[in-house]
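> take a look and give me a structure for this.
(2 chains)
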Amino acid sequence: MARIGVFVCHCGENIGRTVDCARVAEELGKLPGVAHAVDYKYMCSDPGQALIKQAIAEKGLTGVVVSACSPHMHERTFRRAAGGAGLNPFLCEMANIREHCSWIHEDREAATDKAIDLARVIVEKVKRNVPLETIRIPVEKRALVIGGGIAGIQAALDLADGGAEVVLVEKEPSIGGHMSQLSETFPTLDCSQCILTPRMVEVYQHPRIRLMAYCEVDAVEGYIGNFKVTIRQKARSVDETKCNGCGACQKACVVKNVPSEFDERLGKRTAIYVPFPQAVPNIPVIDREHCAYFKGRARGMKKDACGKCKEACARGAIDFAQEDRFVTEKVGAIVVATGYELYSIGKDQPAAGLKGYGEYGYGTVPDVIDGLQFERLASASGPTAGKLLRPSDGKVPKKIVFLQCVGSRDPAKGIDYCSKVCCMYVAKHTMLYRHKVHDGEATVFYMDVRAAGKGYDEFTRRAVEEDGAVYVRGRVSRVYRDGDVVKVLGFDTLNGTPVEIDADMVVLATAMRPRKGIEKLAQTLSVSYDRHGFINEAHPKLRPVETNTAGVFVAGACQAPRDIPDSVAMASAAAAKVLGLFSNEMLEREPTVARVDAALCAGCFHCERVCPYGAVEHKEVRDRKGNLLKVVADVNPGVCQGCGTCQATCPSKSVELMGFTDEQIYAEVNALAL
Amino acid sequence: MNATLDKTSFEPRLTAFVCNWCTYTGADLAGTSRLQMDANVRIVRLPCTGRIDPLFIVKAFERGADGVIVSGCHPADCHYTSGNYHARRRFAFFKELIEFLGLPEGRITFSWVSASEGQKWREVVNDATARVRALGPFSGYPGTELPAWPAAGAPAPNPAPGGGGER
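Now for the predicted structure:
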């Protein structure tokens, strides 16, 4: 016979004001199987918990029901208290008579009746609870960092410095990300590469970091502490173990006119290339789409069309026959830091909701460029070696118009969020421009100037006050080429007058979007993402670098538009979270997982098809002689998250979710009808 | 059981099957926001709407509930990635059986209430309560007082008036 203890909490006045707690305890005490029922002012206080412990010891309780607040609030508290008194913690449950009763009703009679019902339901459930043991799983103390931009680099370094092994996967041939493309950074105007490249080298040389550039995450299996990750090493066509990065192959390459991705198509590169001189690792890649050898082969030529790089390489590192390879890594945690890309302004849009800005002439007017292209023009390592020259004719632009919020905060074009960094980098651009072209005139069209951050507002003011940028509040309706100039038609909403400017160049501060392919990666990792594709954090305020999938963390601009300081802070935070996880030898998790009764299971595997986690495995049942009798489902308790979809699906009811068995739920439903 | 009460004094009893992560938390939020609502709903907490067996609903009615609410995370927001999708498919099919079982559809409310929609939870509770109150007490499945087992050859009794013909 069950001996349940019921503890009704007044929560000061919170429950006691609308619910007659003494009557609840009295009514519950009459139920069969209830051995003890009391009410108390504050159940969660030390004396309140002592009351529970004492009753467990003195009355020999087999189950505890605390009628108080939401289990989300204090279930852990009371389970710990029950555990402290020697009762299995999972024999303790809560009835929610505060959030679901006293706070939402005024009628004392009705609220008390409801509280009695709610508590009775839980009593009937607890009568059928069974002791459960916390599941303990080992932790693989290695981390995977996806993305080698500043966020990924920071996370990898912090993790490795903290003693963890790190696998850093970067999709491009070199790490560095967008930060390596920037000329100077706000609000200090220090050179981006000068602060970034030492960190890139540090990653390369760190004994605990395995850098896998030109690789992509192909598949992820497993769960927190025990992920198995399949990584695709894309064929570089260059043997990494032999190459010493001398660069002879690039000099020898006959294809010299491929638009450079690193220079945002403003410069050219060869078909065998490293993206930029400081690339890490400094090992070239053959771009098979443009390489003469591969083009020749694709056309079916029997003779090799080219092979100049192979001839030039003294170490015999060129390997045309190289293929993609797959590597499996075991890791305990994953940090996603895949970063951003810019809103594409032209006609081709990656998603139906995005409309583009045909009216701004991007892609048709050569002197209309985006923010990253301006960075390359202003960068000392860029295609113009840091001289500010416009793309069409190489002249020094005397008038540049900057348009803010292109794509951002414009629901009509598909994006309603603020990209956060554009106000700052446009101010920076006007300053860089003025520092390079002293008589240049910079005009900025803006909606608002959002410069919240340490030293940020001062910085934007400096652009106006010291470097003479003219800020016009308003939008631009059209940008088109008119002879030698780029006409900008806009409207000054403060003066209420139309504005027409003959500019030499126009720079569009386009919105930040998550990287292409983020949805697929998110699905691979089973983390959720918002309608724009940004990865969702577990809680916007309190768990900003965790995701809803345990063991997967997020850093940088793949979560929302972020500037460098934010990305770095997030990366360090994610690394701290991972190191915290790795400080455990074993992980503990709730044992509310599904279990299969092999005797009942017919092996239809409906459960396997509906399980969101792939937790259902096949188990062979054999007789004593070893003959195979049947193959049944078996749930891996480390993978199961306890949703119970399998149980509702099972035709023979042979799978049961611990803590929410059919018996328990039917008992609850029945208790409501008494 | 409530058949003797007249409709104005009738207070319906509703059972709500909700998921732990969205609707239960949304109902918690309604509480923390002190949103006053009808006191007719009793919540049964489950980990996920995917855990809800349609038989729970049938059982609730069998045991005297006048109405049932089923609520979980919005599509794409499921804590368990896809449990609510399985629930949605299950209930889309179950809806077709409801009438056959003799349950007027208005007695069952399916909804999505997220953890931030305390306000919506109140509307769901109040709407469902008002609807069921208007329908009156649920007096069991029509035709469930089966006659003696039919003699061989006689047509089987049709439990749902007009419901069994097409299927």
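> got any ranges where the chain has weak pLDDT?
Picking chain A for this. Flagging of chain A using pLDDT under 70 yields the residue ranges A:347, A:674.
> nope, chain B
Chain B contains residues with pLDDT under 70 at B:1-9, B:141-167.
> can you tell me which residue is spatially central in it?
Residue closest to the average C-alpha location in chain B (CA atoms, centre = their mean): residue B:68, at 2.3 Å.
> touching, that residue and residue B:61? I think so.
Yes: between residue B:68 and residue B:61 there is a contact under CB atoms under 8 Å: 6.9 Å. Any C-beta I mention is one placed from the backbone N, CA and C, and that applies to glycine too.
> what do these two both touch?
Jointly contacting residue B:68 and residue B:61 under the rule CB atoms under 8 Å, 6 or more residues apart in numbering or on different chains are residue B:107.
> helix, strand, or coil at residue A:464?
Recorded secondary structure, residue A:464: helix (DSSP: H, G, I helix; E, B strand; the rest coil).
> could you count how many residues lie near it?
Number of residues near residue A:464 (other CB atoms under 10 Å in any protein chain shown) recorded here: 16.
> ok, it touching residue A:471?
Yes: with contact defined as CB under 8 Å, residue A:464 counts as touching residue A:471 (6.2 Å).
> can you give me the strands in the stretch 201-350 of chain A?
A:209-213, A:215-223, A:226-233, A:258-259, A:268-269, A:272-273, A:285-286, A:325-331, A:333-336, A:340-342 (DSSP state E, counting those that start in this stretch).
> that should have said chain B, apologies.
Using DSSP state E, the strands of chain B run over B:14-19, B:41-46, B:67-72, B:108-112.
> identify the residue nearest residue 16 in space, chain neighbours excluded?
Went with chain A since none was named. Counting by CB to CB, 6 or more residues apart in numbering or on different chains, residue A:10 is the residue found nearest to residue A:16 once chain neighbours are left out, at 3.6 Å.
> please refer instead to chain B.
The shortest distance from residue B:16 to any non-neighbouring residue, by CB to CB, 6+ apart, is to residue B:69 (4.0 Å).
> residue A:356 too?
Nearest non-adjacent residue to residue A:356, counting by CB to CB, 6+ apart: residue A:349, 5.3 Å away.
> counting neighbours, what do you get for that neighbour?
Residue A:349, neighbours per other CB under 10 Å, totals 15.
> tell me how far it lies from residue A:415.
11 Å (CB to CB, to the nearest Å).
> before we move on, what about residue A:401?
22 Å.
> of these two, who's got more company?
Each of residue A:401 and residue A:415 has its neighbours counted (other CB under 10 Å); residue A:401 has more, 28 against 23.
> can you tell me the element the more buried one falls in?
Residue A:401 is part of strand A:399-406 when elements are defined by DSSP states H and E.
> same for that strand, what does it pack against?
helix A:422-436, strand A:441-446, strand A:476-482, strand A:497-503, strand A:505-510 (3 or more CB pairs under 8 Å, 6 or more residues apart in numbering or on different chains; DSSP states H and E).
> out of those, which one sits most buried?
Among the helices and strands packed on strand A:399-406, ranked by average contacts under mean count of other CB atoms under 10 Å in any protein chain shown, first place goes to strand A:505-510 (a mean of 28).
> what does it contact?
A:342-343, A:345, A:357, A:360-362, A:365, A:367-371, A:373-374, A:390, A:397, A:399-408, A:419, A:422, A:425-426, A:429, A:479, A:486, A:488.
> report the inter-axis angle for that strand versus helix A:422-436.
Inter-element angle recorded for strand A:505-510 and helix A:422-436: 150 degrees (by axes from the mean of the first three to the mean of the last three CA atoms, to 10 degrees).
> turn the helices and strands packed on strand A:399-406 into a markdown table, columns for distance to residue A:298.
Supplementary listing: the helices and strands packed on strand A:399-406 in a markdown table, determined by distance: least, CB to CB, whole Å:
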| stretch | distance to residue A:298 |
| --- | --- |
| helix A:422-436 | 41 |
| strand A:441-446 | 46 |
| strand A:476-482 | 37 |
| strand A:497-503 | 43 |
| strand A:505-510 | 34 |
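> which one of these lies closest to residue A:653?
Residue A:653 lies closest to strand A:505-510 among the helices and strands packed on strand A:399-406, at 55.8 Å (CB to CB).
> so the closest one versus strand A:441-446, what angle?
Using the same axes, to 10 degrees: strand A:505-510 against strand A:441-446 is 30 degrees.
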